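Colleague: Show me the folded form of this:
(one chain, ligands or ions: 2)
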Amino acid sequence: MIVDYHMHLRGRANGREGPVELTVEAVERFAAQAGERGVDEIAFTEHMYYFRQAEPFLSHPYHRGRVGHDLDDYCAAVLEAKSQALPVKLGLEVEWLPGREGELEEVLRPYPWDFLLGSVHLLDGKAVDMESESGLWDRLPVEDVWRRYFAELAALARSGLADVLAHPDLVKIFGRRPAAEEVESHHAGAAAAFAETGVAVEVSTAGLRKPVRELYPDLEFLRLCCEGGVGATLASDAHVAQDVGRDFEAGLDHLRSAGYETVTVFDGRAGRQETLG
Ligand SMILES: [Zn+2]
Ligand SMILES: [Zn+2]
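Modeller: Ligands and ions are numbered 1, 2, ... in the order given. Coordinates of the predicted model:
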């Protein structure tokens, strides 16, 4: 079984990222690309900040500038494709907003998610993956950014809000890292937190397209997750249909090198193990 469990439903725009397109036709384009790349099942995990239902939770200007779609339209497009027997799953990429997980859980509860993908993008309201964010990378030592990132990631894992953690070491995106022993201790702490909670981790090939040019997460980190019995998914984080299943040979190698022989497959927020590959 090969899954691509992280992508964003966008229209066409000359090979570049188009606008959000909540139609069965858009779903079909992503599913067709999956078929060509030998991916058995795909999941849509649109960012929650595109939907008006999430507006009360949004503070970052990048997020506030994107809100306006309806979560019901998104779910309807994916569910209709599912009813036509396309191998698609309904998910959502959910922001970790410390202290607001209860309210957020209530807003998301009525929808028939196959799984929720949790992400830490913001630290004190600043985006860890935007280099221009003053007050984060500009003013804080790299050690502090990493410490805060991993503290929030563990809190997200423990919250029960998400079934899978997206790009688990996103904080390495610009290639800035503290000393090796500090990195190792963050990895060990996070892997232990995941093992305690039953959350799965995502192996993402998107990091290969980012300044760091590496898969998420680091192999040693993934090995610790595997040793702790933490489930894993595979993902491209595609924002255009052409990126579905991209670099999956590297992703599959990474999973196997870390010790994984199965992938976690979700239905109705329940995970099960299927043979990888
Ligand atoms: Zn993300
Ligand atoms: Zn994403």
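Colleague: Is the residue in the stretch 51-200 of the chain that ligand 2 sits nearest to part of a helix or strand, or is it coil?
Modeller: The minimum distance from the stretch 51-200 of the chain to ligand 2, using Cβ to the ion, falls at Glu93 (4.9 Å). (Glycine included, C-beta is placed from N, CA and C.) The three-state assignment at Glu93 reads strand, by DSSP: H, G, I helix; E, B strand; the rest coil.
Colleague: going forward can the numbers begin at 34, since that is how I track them
Modeller: Happy to do that; since the first residue is 34 now, the last one works out to Glu126.
Colleague: Stretch 41-54: which residues count as buried?
Modeller: His41, Leu42, Arg43, Gly44, Arg45, Val53 (16 or more other Cβ atoms under 10 Å).
Colleague: which of the residues you listed sit farthest apart?
Modeller: Distance extremes for those: the farthest pair is His41 and Arg45 at 13.5 Å, using Cβ to Cβ.
Colleague: Can you get me a residue count around the closest residue to Glu74 other than its chain neighbours?
Modeller: Residue nearest to Glu74 in three dimensions, not counting chain neighbours: Pro120, with 4.4 Å by Cβ to Cβ, 6 or more residues apart in numbering. For Pro120, the neighbour count with other Cβ atoms under 10 Å is 15.
Colleague: residue contacts, Pro120?
Modeller: By Cβ atoms under 8 Å, 6 or more residues apart in numbering, Pro120 lies in contact with Ala64, Ala67, Asp73, Glu74, Ile75.
Colleague: Which of those residues fall within helices?
Modeller: Ala64, Ala67 (DSSP state H).
Colleague: Mind checking which of the contacts of Pro120 are buried?
Modeller: If we count by 16+ other Cβ under 10 Å, the contacts of Pro120 have these buried: Ala64, Ala67, Glu74, Ile75.
Colleague: Okay, and the beta partners of the last one?
Modeller: It stands for Ile75. Bridge pairing for Ile75 (DSSP bridges) gives the partners Asp37, Val121.
Colleague: Pro145: how many residues sit nearby?
Modeller: If we define neighbours as other Cβ under 10 Å, then Pro145 has 11 of them.
Colleague: Hmm, it is touching Leu112, no?
Modeller: Yes - if you go by Cβ atoms under 8 Å, Pro145 and Leu112 touch, sitting 7.2 Å apart.
Colleague: where do the helices sit along the stretch 184-310 of the chain?
Modeller: Secondary structure of the stretch 184-310 of the chain (DSSP state H, counting those that start in this stretch): helices at 213-230, 252-260, 281-291.
Colleague: Any chance of the backbone angles for Ser152?
Modeller: Per-residue torsions, Ser152: phi -130, psi 140 (degrees, to the nearest 10).
Colleague: measure it to Asn47 for me?
Modeller: As judged by Cβ to Cβ, to the nearest Å, Ser152 and Asn47 stand 28 Å apart.
Colleague: what's the distance between Gly208 and Thr308?
Modeller: 34 Å.
Colleague: Revised request: answer the last question for Ala67.
Modeller: Taken as Cβ to Cβ, the span from Ala67 to Thr308 is 18 Å.
Colleague: now swap in Val72 and tell me
Modeller: From Val72 to Thr308 the distance is 15 Å (Cβ to Cβ).
Colleague: Would you mind telling me which of those two has the busier surroundings?
Modeller: Val72 (22 against 8).
Colleague: can you pull the contacts of the more buried one?
Modeller: Taking Cβ under 8 Å, 6+ apart, one finds Ile35, Val36, Asp37, Val277, Gly278, Phe281 in contact with Val72.
Colleague: any residues in contact with both of Pro145 and Leu112?
Modeller: With Cβ under 8 Å, 6+ apart as the test, Pro145 and Leu112 both reach Leu123.
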